[in-house]
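Peer 1: no sequence on hand, only this structure:
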């Protein structure tokens with residue numbers, strides 16, 4: 001997955017780190033996209049940590065697939081690009097989210113596999129935060145995000161597999 005135009009990756013070039021996580025799914029691309037769009041409502045990761053102990057909804061809202069740039073996702077991201085049934089690209093909002101996590105972009109992509117399965121992947125584009133500990137901070141974020149993102153992808157995949165058309 002290539003970085004979003006005009007985003008962090010374009011501005012920082014070689015000082016950018018990329019981290020990708022992916023899971024294999026039995027759900028259809030349409031069902032996976034429906035559930036990716038549910039990220040507008042909740043993070044679908046470890047809800048105790050990411051969602052103030054509220055459970056992420058387990059019934060999809062079909063209205064969430066009506067996308068437009070600028071919409072909020074998971075409270076701290078903004079939708080910057082999308083391809084229906086295929087991908088979403090999100091950018092960390094300015095202010096406290098960027099101060100806490102750093103400026104970053106995340107892209108989600110759905111790819112059909114030759115054997116009939118589907119690959120759901122998430123790619124983080126992580127610039128080096130300013131300051132003497134910027135590199136360490138970026139590494140901690142990437143490694144700390146690994147179990148969170150894996151849980152999110154597995155949860156979305158499982159929920160999508162339960163869809164009637166999934």
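Peer 2: Everything's here; your move. From a predicted model like this one, the values you see are computed outputs, not experimental measurements.
Peer 1: show me the shaky parts of this structure.
Peer 2: 1-14, 46-54, 96-101, 128-130, 134, 138, 141-142, 165-166 (pLDDT under 70).
Peer 1: scan it for its longest helix.
Peer 2: Ranked by number of residues, the top helix in the chain under DSSP state H is helix 134-161.
Peer 1: can you give the distance of it from its chain's centre?
Peer 2: Distance, stretch centre to chain centre, for helix 134-161: 9 Å (C-alpha atoms, centre = their mean, to the nearest Å).
Peer 1: next, the distance between the ends of stretch 121-140.
Peer 2: 20 Å (C-alpha to C-alpha, to the nearest Å).
Peer 1: can you count the residues close to the nearest residue to residue 108 once chain neighbours are set aside?
Peer 2: Of all residues beyond its chain neighbours, the one nearest residue 108 is residue 88 (4.7 Å), with distances taken as C-beta to C-beta, 6 or more residues apart in numbering. Where you see a C-beta, it was placed from the backbone N, CA and C, and this is true even at glycine. Counted with other C-beta atoms under 10 Å, residues neighbouring residue 88 total 24.
Peer 1: verify the contact between residue 88 and residue 107 for me.
Peer 2: Yes: in this structure, residue 88 is within contact of residue 107 by C-beta atoms under 8 Å, at 7.0 Å.
Peer 1: any idea how far apart the tips of stretch 41-61 sit?
Peer 2: From its first residue to its last, stretch 41-61 covers 9 Å (C-alpha to C-alpha).
Peer 1: rewinding a little: and the residue nearest to residue 108, that's in a strand?
Peer 2: Yes: counting by DSSP: H, G, I helix; E, B strand; the rest coil, residue 88 is part of a strand.
Peer 1: which residues touch it?
Peer 2: 36, 37, 39, 67, 73, 79, 81, 82, 107, 108 (C-beta atoms under 8 Å, 6 or more residues apart in numbering).
Peer 1: so of those, which ones are in strands?
Peer 2: Among the contacts of residue 88, the residues falling in strands (DSSP state E) are 73, 79, 81, 82, 107, 108.
Peer 1: and of these, the nearest to residue 19?
Peer 2: residue 107 (11.3 Å; C-beta to C-beta).
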